[in-house]
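J.: The amino acid sequence is not available; the structure is as follows:
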């Protein structure tokens, strides 16, 4: 019988801990490493709804991308039931559900978030966008107008819509950064990219992004494809496990 620690080691074999940013919190965040696992639920985030789903579907473990706690944007100072994070942690512990989260190490890993994103968009001849291995740069088979590429992005990532700035250039050499990677815009420009696909771009970022097509395809949409890859990796490593994909987790942002 596989344990939580067995599964954590298998995930680290793909996305080593040393690839994670120093501020990040990855690995087993809730639960016992010695606990036996028969059923795993895969999701992008460990939300209250995902915790409820894991309990209802009999999963002993959730494997997710975004950390449940102790990140720079959402530090844990207490675990109480008057906020969503505390309620989620309490619920997991009370019901014996563990949580493993692989974040920036999975962004950086070969075959991880950014390689998958680049592949979805038809890019080849990939190279690293940054020294931290966050993001990728690649080329399309042939140059195309921005409008045609926008259609590819929307369909490939199942986006409800795209926010973009037209840099006045056709698309051929493209940088991608799943999630919030606008900070690497300078890298994309210095590497000769005509287009950058990422998420969480602010208004003034669009104003300042001169000379490049800038596409905000959504945080959820640019990272969610990794969930399928997590399931495939665990299925290959642990054929006896039952792998479940979350049916309740979705982009919380809606368009009217």
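T.: Arrived safely, thanks for sending. In this text the structure is predicted, and so the values were computed from the model without any measurement.
J.: For residue 1, give me the pLDDT.
T.: Confidence at residue 1, expressed as pLDDT, is 86.
J.: Could you check what's spatially nearest to it, not counting adjacent residues?
T.: Distances taken as C-beta to C-beta, 6 or more residues apart in numbering put residue 36 closest to residue 1, at 4.6 Å, once the chain neighbours are dropped. C-beta here means a position set from N, CA and C on the backbone, and glycine is covered the same way.
J.: Break this protein into its domains for me.
T.: Per automatic domain parsing, the domain ranges recorded for the chain read 4-107, 110-222.
J.: so which of those comes closest to residue 237?
T.: Checking the domains of the chain against residue 237 by C-beta to C-beta gives domain 4-107 as the closest, at 4.4 Å.
J.: Rounded mean pLDDT for the closest one, please.
T.: 94.
J.: now the end-to-end length of that domain.
T.: Domain 4-107 stretches 22 Å from its first residue to its last (C-alpha to C-alpha, to the nearest Å).
J.: What is the distance between that domain and the centre of its chain?
T.: Computed by C-alpha atoms, centre = their mean, to the nearest Å, the chain-centroid distance of domain 4-107 equals 14 Å.
J.: can you check stretch 199-210 too?
T.: Worked out by C-alpha atoms, centre = their mean, stretch 199-210 lies 21 Å from the chain centre.
J.: likewise stretch 192-206?
T.: Distance of stretch 192-206 from its chain centroid, counting by C-alpha atoms, centre = their mean, is 17 Å.
J.: residues in contact with that stretch?
T.: By C-beta atoms under 8 Å, 6 or more residues apart in numbering, the residues outside stretch 192-206 that reach it are 117, 121, 135, 137, 146, 149, 153, 163, 165, 167, 169-182, 184-185, 188, 209, 212-219, 221-222.
J.: Show me how to select, in ChimeraX, the buried members of these.
T.: Of the contacts of stretch 192-206, the buried ones can be selected in ChimeraX as follows, counting by 16 or more other C-beta atoms under 10 Å:
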select :117,121,135,137,146,149,153,165,167,169,170,171,172,173,174,175,176,177,178,179,181,182,184,185,188,209,212,213,214,215,216,217,218,219,221,222
